[in-house]
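Trainee: Pasting a predicted model and its sequence here:
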Amino acid sequence: MDSSRSLEHVLSMQGGEDDVSYAKNSYGPAAACWRKLAVVDGVDEPEPELEVFFSDLPSNDFNTLFRSLEKQVNGSSQNKYFAAGVPGSFYKRLFPKGELHVVVTTSALQWLSLRYMYLLN
(Lines give C-alpha, C1' and ligand atoms only; values in the text may rest on other atoms or scores of the structure.)
Protein backbone atom coordinates (compact mmCIF):
# COMPACT_ATOMS: atom_id res chain seq x y z
CA MET A 1 0.00 0.00 0.00
CA ASP A 2 1.31 3.43 -0.91
CA SER A 3 2.04 5.22 2.37
CA SER A 4 1.08 8.57 0.85
CA ARG A 5 -2.58 7.49 0.65
CA SER A 6 -4.57 7.70 3.85
CA LEU A 7 -6.22 4.59 5.23
CA GLU A 8 -9.57 6.40 5.27
CA HIS A 9 -9.24 6.99 1.52
CA VAL A 10 -8.37 3.37 0.79
CA LEU A 11 -11.17 1.86 2.92
CA SER A 12 -13.87 4.44 2.25
CA MET A 13 -17.07 3.60 0.40
CA GLN A 14 -17.20 4.79 -3.19
CA GLY A 15 -19.76 7.56 -3.43
CA GLY A 16 -21.27 8.96 -6.60
CA GLU A 17 -23.30 7.44 -9.38
CA ASP A 18 -20.73 5.36 -11.31
CA ASP A 19 -20.69 1.54 -11.51
CA VAL A 20 -18.54 1.05 -8.40
CA SER A 21 -20.49 3.40 -6.11
CA TYR A 22 -22.06 1.93 -2.99
CA ALA A 23 -25.40 3.45 -4.04
CA LYS A 24 -25.49 1.33 -7.22
CA ASN A 25 -23.99 -1.78 -5.60
CA SER A 26 -26.41 -1.78 -2.68
CA TYR A 27 -29.57 -1.49 -4.79
CA GLY A 28 -29.75 -5.21 -5.63
CA PRO A 29 -29.50 -6.50 -2.05
CA ALA A 30 -31.90 -3.80 -0.82
CA ALA A 31 -34.47 -4.68 -3.50
CA ALA A 32 -34.20 -8.37 -2.58
CA CYS A 33 -34.90 -7.52 1.07
CA TRP A 34 -37.96 -5.48 0.13
CA ARG A 35 -39.32 -8.36 -1.99
CA LYS A 36 -38.84 -10.79 0.89
CA LEU A 37 -40.57 -8.42 3.33
CA ALA A 38 -43.59 -8.31 1.04
CA VAL A 39 -43.78 -12.13 1.11
CA VAL A 40 -43.35 -12.30 4.89
CA ASP A 41 -46.05 -9.67 5.42
CA GLY A 42 -48.47 -11.90 3.48
CA VAL A 43 -47.97 -14.89 5.79
CA ASP A 44 -50.76 -15.25 8.32
CA GLU A 45 -48.85 -16.82 11.21
CA PRO A 46 -47.76 -15.41 14.56
CA GLU A 47 -44.33 -13.83 14.64
CA PRO A 48 -41.71 -16.09 16.20
CA GLU A 49 -40.11 -15.18 19.50
CA LEU A 50 -36.44 -14.33 19.12
CA GLU A 51 -33.59 -14.63 21.56
CA VAL A 52 -30.87 -12.08 20.74
CA PHE A 53 -27.40 -12.03 22.28
CA PHE A 54 -25.26 -8.91 22.08
CA SER A 55 -21.57 -9.57 22.63
CA ASP A 56 -18.78 -7.15 23.45
CA LEU A 57 -15.77 -6.87 25.69
CA PRO A 58 -16.48 -7.05 29.44
CA SER A 59 -15.67 -3.35 29.80
CA ASN A 60 -18.69 -2.41 27.64
CA ASP A 61 -21.75 -1.01 29.42
CA PHE A 62 -24.80 -2.69 27.88
CA ASN A 63 -27.20 -0.45 29.83
CA THR A 64 -27.49 2.13 27.05
CA LEU A 65 -28.31 -0.60 24.53
CA PHE A 66 -30.94 -2.19 26.75
CA ARG A 67 -32.56 1.18 27.53
CA SER A 68 -32.86 1.91 23.80
CA LEU A 69 -34.45 -1.51 23.22
CA GLU A 70 -37.05 -0.81 25.89
CA LYS A 71 -38.04 2.39 24.09
CA GLN A 72 -38.64 0.42 20.88
CA VAL A 73 -41.28 -1.73 22.56
CA ASN A 74 -43.51 1.30 23.28
CA GLY A 75 -44.71 0.03 26.63
CA SER A 76 -45.98 -3.30 25.31
CA SER A 77 -45.42 -6.21 27.68
CA GLN A 78 -45.61 -8.74 24.83
CA ASN A 79 -42.06 -8.67 23.51
CA LYS A 80 -41.33 -10.84 20.51
CA TYR A 81 -37.63 -10.79 21.36
CA PHE A 82 -35.53 -11.40 24.43
CA ALA A 83 -32.16 -9.64 24.63
CA ALA A 84 -29.08 -10.56 26.63
CA GLY A 85 -25.57 -9.13 26.87
CA VAL A 86 -22.68 -11.58 26.68
CA PRO A 87 -19.35 -10.12 27.76
CA GLY A 88 -16.26 -11.63 26.20
CA SER A 89 -13.81 -11.50 23.34
CA PHE A 90 -14.78 -12.89 19.94
CA TYR A 91 -11.42 -14.69 19.97
CA LYS A 92 -12.84 -17.17 22.50
CA ARG A 93 -15.99 -19.28 22.64
CA LEU A 94 -18.99 -17.36 23.99
CA PHE A 95 -21.77 -19.95 23.56
CA PRO A 96 -22.17 -23.73 23.91
CA LYS A 97 -22.01 -25.97 20.82
CA GLY A 98 -25.28 -26.28 18.94
CA GLU A 99 -26.86 -23.31 20.73
CA LEU A 100 -26.94 -20.69 17.97
CA HIS A 101 -29.13 -21.06 14.88
CA VAL A 102 -28.41 -17.81 13.04
CA VAL A 103 -25.37 -15.64 13.70
CA VAL A 104 -24.74 -12.12 12.42
CA THR A 105 -21.43 -10.48 13.16
CA THR A 106 -20.24 -6.97 12.53
CA SER A 107 -17.04 -5.22 13.35
CA ALA A 108 -16.03 -1.62 13.78
CA LEU A 109 -13.26 -1.14 11.23
CA GLN A 110 -12.67 2.41 12.39
CA TRP A 111 -10.97 0.99 15.48
CA LEU A 112 -8.68 -1.18 13.38
CA SER A 113 -7.43 1.92 11.59
CA LEU A 114 -5.67 2.99 14.78
CA ARG A 115 -3.39 -0.04 14.51
CA TYR A 116 -2.52 0.65 10.87
CA MET A 117 -1.25 4.12 11.72
CA TYR A 118 1.57 2.47 13.64
CA LEU A 119 2.40 0.24 10.67
CA LEU A 120 2.63 3.18 8.27
CA ASN A 121 5.14 5.03 10.46
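Mentor: Ah, there it is.
Trainee: Which stretches in the chain count as strands?
Mentor: Assigned by DSSP state E, the chain shows strands spanning 50-56, 81-87.
Trainee: Dump those strands into JSON lines; add mean pLDDT and distance to Asn63 as well.
Mentor: Where C-beta positions appear, they are placed from N, C-alpha and C, glycine not excepted. Supplementary listing: the strands of the chain in JSON lines, determined by pLDDT from 0 to 100; distance: least, CB to CB, whole Å:
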{"stretch": "strand 50-56", "mean pLDDT": "83", "distance to Asn63": "12"}
{"stretch": "strand 81-87", "mean pLDDT": "84", "distance to Asn63": "9"}
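Trainee: Save these as a markdown table, and put in distance to Gly28 and mean neighbour count too.
Mentor: Formatted as a markdown table, the strands of the chain follow (distance: least, CB to CB, whole Å; neighbours: other CB atoms under 10 Å):
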| stretch | distance to Gly28 | mean neighbour count |
| --- | --- | --- |
| strand 50-56 | 27 | 13 |
| strand 81-87 | 28 | 13 |
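Trainee: quick one: which of these is nearest Glu99?
Mentor: The minimum distance between Glu99 and the strands of the chain falls on strand 50-56, with 9.3 Å, by CB to CB.
Trainee: Please work out the angle formed by the directions of the closest one and strand 81-87.
Mentor: Interaxial angle, strand 50-56 versus strand 81-87 (axes from the mean of the first three to the mean of the last three CA atoms, to 10 degrees): 20 degrees.
Trainee: Give me the contact list for strand 50-56.
Mentor: The contact list for strand 50-56, computed with CB atoms under 8 Å, 6 or more residues apart in numbering, reads 62, 65, 80-88, 90, 94-95, 100.
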